[in-house]
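J.: Dropping the sequence and predicted coords here.
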Amino acid sequence: MKPPLPICDCHGHFGVHPDFPAYAQTAEDLVAVMDLLGIELLAVTSTLACYSDCPRGNAEVAALLEKYPTRFRGYVTVNPNPPGEALAELQRWKRFHTPPLIKLHPDLHHYPVDGPHYRPVWEHANQTRAVVLVHTWESDPNCGPLLLAPVARQFPQARIILGHSGVTWRGYEQAVEAAQAASNLFLDISGSQSHRTVIEWMTERLGADRVLFGSDLPYLEAATSLGRVLAARLAQAEKEKILRTNFLCLLEEFGVPSARSGSATEAR
Amino acid sequence: MSASSTIELAFAEVADWNLFDANARVGRSGMQGVLALESGELLLEMDRFGIRRAMVSHFAAEEYDAQRGNDLLGQAIESADRLFPLWAAIPDAGFIESLERRRPRAVRLSYGAKKHNFSPALWCSGALHDYLQQNSILAVVAKEDIEWESLARLLENFPRLDLLLLDAGYRADRYLFPLLQRFAHLYFDSSTYLAHRQLETFVNRFGPDRLVFGSRLPLYTPGAAVAVLVTARIREEAKRAIAGRTLARLLSVESESR
């Protein structure tokens, strides 16, 4: 099963999982499944950074980008605590991309996304027109989708992706409500709950330009999200935006080198 | 290429697999009103994904009353021979007798406190479980309705009872694998078994015969579970076993050809 065009995936990870075995998580494992499913580009965040150690985790992403520069983009994952570390990490890894890609996980970092310790990160994102991927979950006090609407309005130059769009059906409703209130919010479809008709519903409410393909590799099988999009009752042009164009626009990359089969040749 | 032709291409591979969905529901729902489907609509949705048959329970049997839900299920499947009934069962006095009249091959046990609210332990459900085991009736339990420890005790007490666990989830392997090794009559469905390379790893370790295809229709799109099965790097024979052969065996129905 191949998609009608090469996919650009806004939501991936690099690393293992604490709560279940990781069966295939190396760079080569990721490239293999990307080749299988036609994913040209995958933007990853370090799982180690999401859980416990941003500096080491971001360094692992740096090594991945070094090895496969055309297949991956790297989010700099930052923790609002201790204060000051986040900006230091963003400076340290500013060579990753322009505009920068930033990942926030307010749930695992146990801090509200609209709290004062995140403010320097949002100011930085606003100044640099960063793409900020935020993990969200329905009504969560740290990362509920509705918390992001005022943040997005306050920092209008930041382009904010609601990771998983709140996950549940109610979470999707909240994500759409937030995105209707702030035009710099975008919705990522990755997640373990494959609700029927939800992609059509969010596209109808927001337009296809603000819905992004995300897989959550290597947590979830990328075929999950791909199957959901291919099965959705949407026009082909809308699917193309979701699967590829929208994320490239956010990255400000309008041409990506074609993925090379087998990609080991690309490794340095 | 039109959107519909993309779907046809993407899912064409399953057309001759005789997909038999182990995890579907039918009827109106108070909690899932936006997504619930009556049987005619459900059949149309199954057609989009090449799902030949589905084992269905009725929302009313879970959300309201087992007996009334079973009556509604009987009506829903009356003119839909592609829908296989998954009757609700509870341990109340006289229920087994009423269930027998339906000649069940599979029953759904909704132990959860917000569902039928009963214990899977011997002192509460022993007679019901014994009836199911004695009559080779498949017991179907959603993971959200039973704790792992209770599931292990149930399987210890009824070692010949075929039990299909639904919605085990992709984070379950550290519980699921030891149970599968210990209890030969435990099965689970693929609807939420969606972690990267998880299905292949499972098949390589346990073979394909303990995992059955499930979609969670009408709540979830089958697009996810079908796509994972289609793209799994396992032999086609294994895919066919998961797609429907194993469930057909458990229900003692033919693994029919189209």
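T.: Received the coordinates, thanks.
J.: From chain A, how far off is the residue nearest to B:Pro104 when sequence neighbours are not counted?
T.: Excluding the flanking residues, the one nearest B:Pro104 by Cβ to Cβ, 6 or more residues apart in numbering or on different chains is B:Trp87, at 4.8 Å. Quick note: C-beta positions are derived from backbone N, CA and C, even for glycine. Per Cβ to the nearest Cβ, to the nearest Å, B:Trp87 is found 24 Å from chain A.
J.: Tell me what B:Trp87 is bridged to.
T.: B:Val107 (DSSP bridges).
J.: residues in contact with the nearest residue to A:Lys239 once chain neighbours are set aside?
T.: Setting aside the residues directly before and after it, A:Lys239 is nearest to A:Val229 in space (Cβ to Cβ, 6+ apart), at 5.8 Å. Applying Cβ atoms under 8 Å, 6 or more residues apart in numbering or on different chains, one finds that A:Val229 lies in contact with A:Pro3, A:Ile189, A:Ile199, A:Phe213, A:Lys239, A:Ile242, A:Leu243, B:Gly223.
J.: now the helices for chain A?
T.: Applying DSSP state H to chain A gives helices spanning A:27-37, A:47-51, A:54-67, A:85-92, A:119-128, A:148-154, A:169-181, A:198-206, A:222-231, A:236-240, A:246-251.
J.: Comparing those helices, which comes out most buried?
T.: helix A:222-231 (a mean of 27; mean count of other Cβ atoms under 10 Å in any protein chain shown).
J.: Centre of the chain to that helix, how far?
T.: 16 Å (Cα atoms, centre = their mean, to the nearest Å).
J.: Look at B:Gln181 and give its secondary structure.
T.: The local conformation at B:Gln181, judged by DSSP: H, G, I helix; E, B strand; the rest coil, is helix.
J.: Report how many residues lie close to it.
T.: B:Gln181 has 11 neighbours, counted by other Cβ atoms under 10 Å in any protein chain shown.
J.: same check, this time on A:Asp53
T.: Per other Cβ under 10 Å, the neighbour tally for A:Asp53 reads 15.
J.: With B:Gly33 instead?
T.: Residues contacting B:Gly33 under the criterion other Cβ under 10 Å number 9.
J.: for A:Glu40, same thing?
T.: 20.
J.: if I pick the residue nearest to A:Ala62 when sequence neighbours are not counted, what's in contact with it?
T.: Excluding the flanking residues, the one nearest A:Ala62 by Cβ to Cβ, 6+ apart is A:Trp93, at 6.5 Å. With contact set as Cβ under 8 Å, 6+ apart, A:Trp93 has these partners: A:Asn58, A:Val61, A:Ala62, A:Gly74, A:Val76.
J.: Would you mind listing the two of these that lie farthest apart?
T.: A:Ala62 and A:Val76 (9.4 Å; Cβ to Cβ).
J.: Let me know the pLDDT of A:Leu5.
T.: On pLDDT, A:Leu5 comes in at 89.
J.: Hmm, A:Ile242 and it touching each other?
T.: No - using Cβ atoms under 8 Å, A:Leu5 is not in contact with A:Ile242; the gap is 10.8 Å.
J.: give me phi/psi at B:Ile90?
T.: In terms of degrees, to the nearest 10, the main-chain angles of B:Ile90 are phi -130, psi 160.
J.: Test my guess that it contacts B:Ser119.
T.: No - B:Ile90 is not in contact with B:Ser119 according to Cβ under 8 Å; the separation is 11.5 Å.
J.: So which of those two has more stuff around it?
T.: B:Ile90 (21 against 12).
J.: dump the residue contacts of the more buried one.
T.: B:Ala66, B:His116, B:Phe118, B:Leu128.
J.: Which of the helices of chain A sits closest to B:Ala12?
T.: Of all those, helix A:222-231 comes closest under Cβ to Cβ, at 11.7 Å.
J.: what are the ranges of the strands in the stretch 151-258 of chain B?
T.: B:163-166, B:186-189, B:211-212 (DSSP state E, counting those that start in this stretch).
J.: May I see those strands organised as CSV, with mean pLDDT and mean neighbour count added?
T.: CSV is the format used below for the strands of the stretch 151-258 of chain B (pLDDT from 0 to 100; neighbours: other Cβ atoms under 10 Å in any protein chain shown):
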stretch, mean pLDDT, mean neighbour count
strand B:163-166, 98, 24
strand B:186-189, 98, 24
strand B:211-212, 98, 26
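J.: what would those look like in JSON lines with distance to A:Pro120?
T.: Output for the strands of the stretch 151-258 of chain B, formatted as JSON lines (distance: least, Cβ to Cβ, whole Å):
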{"stretch": "strand B:163-166", "distance to A:Pro120": "46"}
{"stretch": "strand B:186-189", "distance to A:Pro120": "47"}
{"stretch": "strand B:211-212", "distance to A:Pro120": "48"}
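J.: okay, now B:Arg235: neighbour count?
T.: 11.
J.: Next, find the distance separating it from chain A.
T.: Distance from B:Arg235 to chain A, counting by Cβ to the nearest Cβ: 16 Å.
J.: Okay, and the beta partners of A:Ser78?
T.: Ser isn't right for residue A:78; it's Val. Assigned bridge partners for A:Val78, using DSSP bridges, are A:Leu104.
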